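Asks: Curious how this folds, go ahead:
(one chain, ligands or ions: 1)
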Amino acid sequence: MTSKASATELRDRVVSSLIPGLDLRPFIAGEFTDPVGSGEITDTDPMTERTLAVLPAAGPADVDAALTAARAAFDQGPWPRMTAQERADTLDRFAALIERDTERLSLLEATDTGKRLAGVRGWDVPQSAEVYRYYAQAMLQARTTSMPKVGEASVFVRRVPVGVCAAIIPWNFPFACISWKIAPALAAGCTVVIKPAERAPLSAQALAALAAEAGFPPGVVNVVLGTGDVAGRALVADPRVDKITFTGSQETARSIVAGSASRMPRLTLELGGKGANVVMADCDLDAAVDGTITAMFDVQGQNCCAGSRTYVQRGIYEEFLDRVVTAAEARRLGDPLDEKTEQGPQIDRAHFERIDSYVKGALKEGADCATGGKGADQGGLFYAPTIVTGATSSMRITREEVFGPVGCVYPVDSTEEAITAANDTDYGLSASVWTSDLDFADRFVTEVRVGTCWVNCFGYFATEVPWGGVKLSGQGRELGVAALDEFMDGKSVFRI
Ligand code: NAD
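Replies: This next block holds a predicted model:
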C-alpha cells in the first residue's frame with residue numbers, strides 16, 4: 001500500500017529524476033534532433049497545476065523532416081522489405097523494453113495525465129507491450145490469398161503495407177493510443193510519424209527513446225510533438241502521408257478530413273462517445289450500481305467509452321438513484337500516485353471549467369444535481385462525482401460529450417423506450433445493458449448502434465477484440481487481427 005507521503009515521494013522522483021532523464025526534442029530519423037521549432041509547449045501536472053516540463057513545439061519544418069525520414073524509410077529502407085519474422089523480432093524487443101520500464105513509464109503517464117497509477121501500471125503499460133507482441137504474431141499468420149485461375153493466369157492477392165502513417169494522439173490514454181496505432185502499422189511494414197497530445201506528451205518521448213534502443217531502422221518511428229493547429233495541420237495536409245490514424249474529438253476529425261480531402265489518404269478515426277447505460281428492473285442491482293459508477297466516473301470521466309447516459313426502468317428508478325448517489329459520494333478522490341485513490345484530478349483548468357459549464361448550463365435549463373455539480377472539497381482540479389437528473393433529450397448535457405465525472409440518469413418505462421433513447425445520439429462508440437432477460441439483452445445488442453456492447457458488465461477490453469465506433473464515433477477498428485487491414489492494401493496479381 002502506498003501512503004499519501006509516498007505518493008509525494010513518487011511525484012518528487014518523477015519531477016527531479018524521471019522527467020530530467022527524458023529527451024524532450026523531436027525524434028526524427030532515429031535520433032533526437034534540435035527543433036526548427038514553433039515555440040514551446042508547457043506541460044502541467046493535473047495534481048499540483050505546476051509545470052512539469054517545457055517542451056519545444058515542432059513546427060512545419062520539423063514535420064517536414066519527420067516525413068522525409070518516414071518516406072525514405074518506407075521507400076528505400078529495410079523495414080518494409082524485411083521478413084515478418086525480422087520485424088517481429090524488433091517488435092518483441094520493443095515490448096520487452098516497455099516491460100522492463102513499466103514502473104518508470106507508468107509514473108510518467110500517471111503524473112502527466114492525472115490517471116490512477118495503479119490503473120496505468122495494471123493496464124495501459126502492460127497491455128501496450130502485449131499489443132506489440134500480438135501484432136508481431138498476427139503478421140506472421142497473415143496469408144496471401146490464392147484465387148482460381150483466370151484464363152491462363154494464376155491469380156493471387158498479396159497484402160502490402162499502406163506506407164507512411166500519421167498517428168495523431170489524444171491526452172487521456174496517450175501511451176495506449178500510440179500502441180494501438182503503431183503496433184499494427186509497424187508489423188505490417190509501415191513507417192510512422194506520431195504527433196502526441198500537447199497536454200500529456202511525456203510517455204511518447206520516453207517511447208521514442210525505447211524505439212531507438214529496440215533498433216528500429218532510422219525513420220521507421222518518428223515523434224513530433226507540436227500543437228494541433230501547427231504540427232497537426234501540417235502533418236495531415238502533407239501529400240507524403242498515405243494513412244492517417246487519429247484518436248480525438250469530432251471537431252478535430254472534421255478538420256483532419258477537410259485538411260486531407262484533396263488527396264484522400266486512408267483514415268481510421270477513433271472519436272468520442274456518449275455511451276448509454278441501460279438498467280432494467282430485472283437486473284442484478286448490486287452489479288448494475290457498481291458498473292454504473294465505473295461507467296460514469298472511471299478515469300474521472302475523461303473516457304471515450306464513459307456511460308454518461310443511464311436509462312433506468314421506472315420501477316427501480318428511485319432505489320437505483322439513491323444507491324448510485326451514495327456510491328458516488330463514497331468515492332475516494334486523491335493523488336493519482338496513491339494506491340488508494342479511486343478518482344484523480346481533471347487534466348487541466350480549462351477542461352475543469354468546461355466540465356463545470358456543462359453542469360451549470362444543465363441546471364440553468366432546468367435539470368437538477370442529485371450529487372456533486374461543483375469542484376470537490378479537495379480543491380485543485382478535482383471535480384465532485386456528479387449525477388444529473390431531470391435532463392431532457394435535447395439538452396447539451398445529454399447530446400454532447402462532457403468528458404468529466406458527470407452522469408445523467410433518466411427514467412424509462414419500457415424496453416422499446418430504452419432502445420430508442422440509447423440510439424438518440426450522434427455518437428455510437430459503446431453501450432451497456434443490465435438485465436436478466438436474455439431475449440431483451442439480445443434485442444438490445446442487435447438494435448443499439450454502437451461498436452461495442454457490454455451485457456451485464458462494463459469496460460471489458462482485450463487486445464484480440466476489435467474496438468471502434470459507428471456514426472460520429474468514428475470509422476475503422478483498432479485491436480484485433482482486422483486492425484492489420486487498416487495498415488495494408490490488397491494487391492491483385494495475375495501471373496502467366
Ligand atoms: P482533440 O481532438 O482535441 O486532440 C487530439 C489530437 O489532435 C491532439 O494531438 C491534437 O493536438 C491534435 N489536433 C488538434 N487539432 C488538429 C488539427 N486541426 N489537425 C491535426 N491534428 C489536430 O482530442 P483530445 O481532447 O486530445 O482527446 C479527447 C477526445 O478523444 C474525446 O472526444 C475522446 O472521447 C476521444 N477519444 C476517443 C477514443 C476512442 O478509442 N474512440 C480514445 C480516447 C479518446
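Asks: Which residue is the nearest non-sequential neighbour of the residue sitting furthest away from the middle of the chain?
Replies: For the chain, the C-alpha farthest from the mean C-alpha position belongs to residue 152; by C-alpha atoms, centre = their mean, that distance is 49.0 Å. Distance criterion C-beta to C-beta, 6 or more residues apart in numbering; nearest residue to residue 152, sequence neighbours excluded, is residue 496 at 5.4 Å. For the C-beta atoms, the positions are set from N, CA and C on the backbone; glycine is no exception.
Asks: Look up how far residue 491 lies from the residue farthest from the centre of the chain.
Replies: Applying C-beta to C-beta, to the nearest Å, the value for residue 152 to residue 491 is 20 Å.
Asks: Residue numbers of the stretch 51-200 of the chain in contact with the ligand?
Replies: For the stretch 51-200 of the chain, the contact set with the ligand under C-beta under 6 Å from any ligand atom comprises 168-173, 177, 195, 197-198.
Asks: So which of these are in helices?
Replies: residue 177 (DSSP state H).
Asks: From the residues of the stretch 51-200 of the chain next to the ligand, pick the one nearest the ligand.
Replies: Ranked by distance to the ligand (C-beta to the nearest ligand atom), these are led by residue 170 at 3.1 Å.
Asks: Please look at residue 92 and residue 132 and confirm they touch.
Replies: Yes: assessed by C-beta atoms under 8 Å, residue 92 is found in contact with residue 132 at 7.4 Å.
Asks: Have a look at those two and say which one is more surrounded.
Replies: residue 132 (27 against 16; other C-beta atoms under 10 Å).
Asks: A strand includes that one, no?
Replies: No: read with DSSP: H, G, I helix; E, B strand; the rest coil, residue 132 is helix and lies in no strand.
Asks: That one against residue 97, yeah?
Replies: No: the pair residue 132 / residue 97 is not scored as a contact, 9.8 Å apart, by C-beta under 8 Å.
Asks: domain ranges for the protein?
Replies: 7-271, 276-462 (automatic domain parsing).
Asks: Reformat the ones you listed as CSV; add mean pLDDT.
Replies: Shown next, in CSV, are the domains of the chain (pLDDT from 0 to 100):
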stretch, mean pLDDT
domain 7-271, 97
domain 276-462, 98
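Asks: Of all these, which one is nearest residue 474?
Replies: domain 7-271 (4.1 Å; C-beta to C-beta).
Asks: Which residue comes closest to residue 105 once chain neighbours are left out?
Replies: Counting by C-beta to C-beta, 6+ apart, the residue nearest residue 105 is residue 125, at 5.1 Å.
Asks: swap in residue 87?
Replies: Computed as C-beta to C-beta, 6+ apart, the closest residue to residue 87 that is not its neighbour in sequence is residue 187, at 6.2 Å.
Asks: just checking, the one you found touches residue 139?
Replies: Yes: with contact defined as C-beta under 8 Å, residue 187 counts as touching residue 139 (4.1 Å).
Asks: Give me the more crowded residue out of these two.
Replies: residue 187 (29 against 26).
Asks: got a list of what that one touches?
Replies: Residue 187 makes contact with 84, 87-88, 91, 135-136, 138-139, 484, 487 under the criterion C-beta atoms under 8 Å, 6 or more residues apart in numbering.
Asks: so which helix or strand takes in it?
Replies: In the assignment (DSSP states H and E), residue 187 maps to helix 174-188.
Asks: My understanding was that the residue nearest to residue 105 contacts residue 106; is that so?
Replies: Yes: if you go by C-beta under 8 Å, residue 125 and residue 106 touch, sitting 5.1 Å apart.
Asks: Who is residue 309 paired with across the strands?
Replies: residue 276, residue 408 (DSSP bridges).
Asks: That one contacts residue 425, correct?
Replies: Yes: at 7.5 Å, residue 309 and residue 425 qualify as touching, with contact defined as C-beta under 8 Å.
Asks: anything in contact with each of these two?
Replies: Joint contacts of residue 309 and residue 425 (C-beta under 8 Å, 6+ apart) are 274, 276.
Asks: hmm, back to that, who touches both of residue 187 and residue 139?
Replies: With C-beta under 8 Å, 6+ apart as the test, residue 187 and residue 139 both reach 84, 87-88, 484.
Asks: Need the contact partners of the helix or strand where residue 7 lies.
Replies: Assigned by DSSP H and E, residue 7 falls within helix 4-13. With contacts defined as C-beta under 8 Å, 6+ apart, helix 4-13 is touched by 2, 45, 47-48, 107, 111, 117, 334-335, 337-338.
Asks: quick one: which of those is nearest to residue 469?
Replies: Once C-beta to C-beta is applied, the member of the contacts of helix 4-13 that ends up nearest residue 469 is residue 117, at 28.5 Å.
Asks: out of everything not next to it in sequence, what's closest to that closest one?
Replies: residue 110 (4.0 Å).
Asks: Number of residues surrounding residue 271?
Replies: For residue 271, using other C-beta under 10 Å, the count is 26.
Asks: State the distance from the closest residue to it other than its chain neighbours to residue 23.
Replies: Sequence neighbours aside, residue 474 is the residue nearest to residue 271 in space, at 4.3 Å (criterion: C-beta to C-beta, 6+ apart). Taking C-beta to C-beta as the measure, residue 474 falls 33 Å from residue 23.
Asks: So which of these two has more stuff around it?
Replies: residue 474 (28 against 14).
Asks: residue contacts, that one?
Replies: Residues counted as contacts of residue 474 (C-beta under 8 Å, 6+ apart) are 253, 268-271, 429, 451, 468.
Asks: hmm, back to that, and the residue nearest to residue 105, how far is that from residue 131?
Replies: Separation of residue 125 from residue 131 (C-beta to C-beta): 11 Å.
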